[in-house]
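In: just the structure for this:
(one chain, ligands or ions: 2)
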Amino acid sequence: MENFVFYSPTEFVFGRDTERQVGALAVKHGASRVMIVYGGGSAVRSGLLDRVRLTLREAGLTFCELGGVQPNPTDAKVYEGIGLCRREGADLLLAVGGGSVIDTAKAIAAGVPYEGDFWDFYIGRAQVTRALKVAVVLTIPAAGSEGSGNTVITKSATLQKMSLRAPMYLRPVFSVMNPELTYTLPAFQTACGVCDMMIHIFERYFTNTTDVEVSDRMCEGVLTAILKEAYRVRQNPQDYGARANLMWAGMVAHNGTCGVGCEEDWASHFMEHEVSALYGVAHGAGLAVVVPAWMTFMAERHPEKVAQLGERVFGVPVQDDLQEMALGCVSRLKHFFRYMGLPVSFKELGVESPDIPLLVRKLHENKGPLVGNYVRLTPKDTEEIYRLAL
Ligand code: NZQ
Ligand code: ZN
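Out: Numbers count the residues shown, from 1 in each chain. Ligands and ions are numbered 1, 2, ... in the order given. Purely as a prediction, here's the structure:
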């Protein structure tokens, strides 16, 4: 196990009707003026936004609003938000939505007290040393941004989708998680979320670090629970217990708990970010395409952990040939994704002929000559993986 620092100060308030506590929580966390950030309208249609406004008013707080954040959020909304937040003097950003909304709020939070261009943080030109507070009312379990210190933004002009990690500054001060808010999710978005949280665990599980038994077993346990609960939600989208477990799993998958002490991988995420940047697909759907291809590549090059996942989570029978076991794992994973209604190839994703040379070039320009850690992938390797996904 490697040395680590794990700092996770978020206050999670979980359960039915918890959004009614938002005003009191904001006051408790020192807010005087709030900026609500939300997406394309689901929170308006469900009445959630009205309930959030009411609880802020009841707590004596004033607020301004920034709506219209799109999935795979871009820099334009961040600049708009930074301007609005400075003019309005808000000191707490309240994200009401999913990863796209939360990540936009985090980018604004880091950008407001910074004199330069917020994009500097995403390209490693500057470090976050100050940020406004961010809080969350979560509406989709997927990105795990409600518990992470990460944010992912796309720069429209260059189609660069980049992530920023600043856990000391960007973890939300509180996250309100009411599973009932996820009943309105379309089945496809639920499936994308399930895939994303699973892959957040894979990125930590696929490690060469030894003596990480606790992390390994936590990963396997949470994955097993996700598979079970995803089946239940597919059967009945209004199953509170299943929705609740998925919601908590999405947080646990990405707040760092499952990867403490491990060297993490993240090649699949970097490869997918190029796909969603270029083709505008949902992140979880892009992962359902890239990850089985990545695992197929690993079955030949480094099958050990894929075989272990197959045995312990997907019930692949034990045999001497680890490559065969790893391929068995890929096949069962694809079967599950298909059951959830996810694509498992570029074709099924609706990208008939992806520009693989461009994907590879942008990937290595943005992320360096080698990506991932489980196997350090060269441009030749990533090209092969994209081709395996055709
Ligand atoms: O915009 P609205 O109208 O709210 O609709 C959203 C959006 O169309 C809809 N939705 C959300 N909650 C709903 C709902 N529809 C009905 N009922 C509800 N309760 O779902 C759609 C997707 O929302 P989005 O926020 O984009 O989903 P997600 O949480 O999957 O976030 C994806 C973004 O997060 C990034 C992804 O790359 C992508 O840009 N990620 C962020 C990470 C992080 N910050 O740590 C890690 C992840 O790996 C990921 O890269
Ligand atoms: Zn993800």
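
In: which residue ranges of the chain form strands?
Out: Ranges of strands within the chain are 11-14, 33-38, 62-66, 92-97, 133-138, 150-155, 160-165, 174-177, based on DSSP state E.

In: which secondary structure elements does the third one sit against?
Out: It stands for strand 62-66. Counting contacts by 3 or more Cβ pairs under 8 Å, 6 or more residues apart in numbering; DSSP states H and E, strand 62-66 packs against strand 33-38, helix 48-58, helix 75-88. No exception for glycine: its C-beta is placed from N, CA and C like everyone else's.

In: same check, this time on the fourth one
Out: Judged by 3+ Cβ pairs under 8 Å, 6+ apart, strand 92-97 is in contact with helix 22-28, strand 33-38, helix 42-45, helix 48-58, helix 99-111, strand 133-138.

In: out of these, nearest to ligand 1?
Out: Closest approach to ligand 1 among those (Cβ to the nearest ligand atom): helix 99-111, 2.5 Å.

In: centre of the chain to the closest one, how far?
Out: Put simply, helix 99-111 sits 13 Å off its chain's centre (Cα atoms, centre = their mean, to the nearest Å).

In: and what of stretch 152-167?
Out: The answer for stretch 152-167 is 13 Å, by Cα atoms, centre = their mean.

In: and for that stretch, what are the contacting residues?
Out: Outside of stretch 152-167, the residues within contact range by Cβ atoms under 8 Å, 6 or more residues apart in numbering are 7-8, 72-76, 78, 99, 103-104, 106-107, 110, 119, 121-123, 127-128, 131, 143, 148-151, 170, 256, 269, 273-274, 276-278, 362, 366.

In: just the buried members of those residues?
Out: Among the contacts of stretch 152-167, those classed as buried by neighbour count (16 or more other Cβ atoms under 10 Å) are 72-75, 78, 99, 103-104, 106-107, 110, 119, 121-122, 128, 131, 143, 148-151, 170, 256, 269, 273-274, 276-278, 362, 366.

In: okay, buried residues for the longest helix anywhere in the chain please.
Out: The single longest helix within the chain, with elements called by DSSP state H, is helix 213-235. Buried residues in helix 213-235, defined by neighbour count with 16+ other Cβ under 10 Å: 215-216, 218-220, 222-223, 226-227, 229-230, 233-234.

In: ok, these vs residue 247, which is closest?
Out: residue 229 (9.5 Å; Cβ to Cβ).

In: and that closest one, what does it touch?
Out: 242, 245, 246, 249.

In: for the closest residue in space to the first one that isn't next to it in sequence, list the residues it contacts.
Out: Right, the one you point to is residue 242. Spatial nearest neighbour of residue 242, chain neighbours left out: residue 232 (3.7 Å); criterion: Cβ to Cβ, 6 or more residues apart in numbering. By Cβ under 8 Å, 6+ apart, residue 232 lies in contact with 239, 241, 242.

In: in helices, which of these fall?
Out: 241, 242.

In: of the contacts of residue 232, buried ones?
Out: 239, 242.

In: pLDDT and distance to residue 312 added to the contacts of residue 232, as JSON lines?
Out: Shown next, in JSON lines, are the contacts of residue 232 (pLDDT from 0 to 100; distance: Cβ to Cβ, whole Å):
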{"residue": "239", "pLDDT": "98", "distance to residue 312": "26"}
{"residue": "241", "pLDDT": "98", "distance to residue 312": "24"}
{"residue": "242", "pLDDT": "98", "distance to residue 312": "22"}
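
In: closest to residue 328 among the contacts of residue 232?
Out: The closest of the contacts of residue 232, once distances to residue 328 are taken by Cβ to Cβ, is residue 242, at 26.7 Å.

In: contact partners for the closest one?
Out: 229, 230, 232, 233, 236.

In: ok, and of the residues you listed, which contact ligand 1?
Out: Residues of the contacts of residue 242 in contact with ligand 1 (Cβ under 6 Å from any ligand atom): none.

In: quick one: the helices in the stretch 251-390 of the chain?
Out: With DSSP state H, counting those that start in this stretch, the ranges of helices along the stretch 251-390 of the chain come out as 267-279, 283-301, 304-314, 322-339, 346-349, 356-367, 379-388.

In: using CSV, list the CA coordinates for the shortest one.
Out: Extracted in CSV, the C-alpha atoms of helix 346-349 (Å, rounded to 0.1, in the frame of the first residue of the first chain):
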residue,chain,number,x,y,z
PHE,A,346,-18.8,2.9,-31.5
LYS,A,347,-21.4,1.8,-33.9
GLU,A,348,-24.0,1.2,-31.2
LEU,A,349,-23.0,4.6,-29.8
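
In: and it, what's its mean pLDDT?
Out: Mean pLDDT, helix 346-349: 98.
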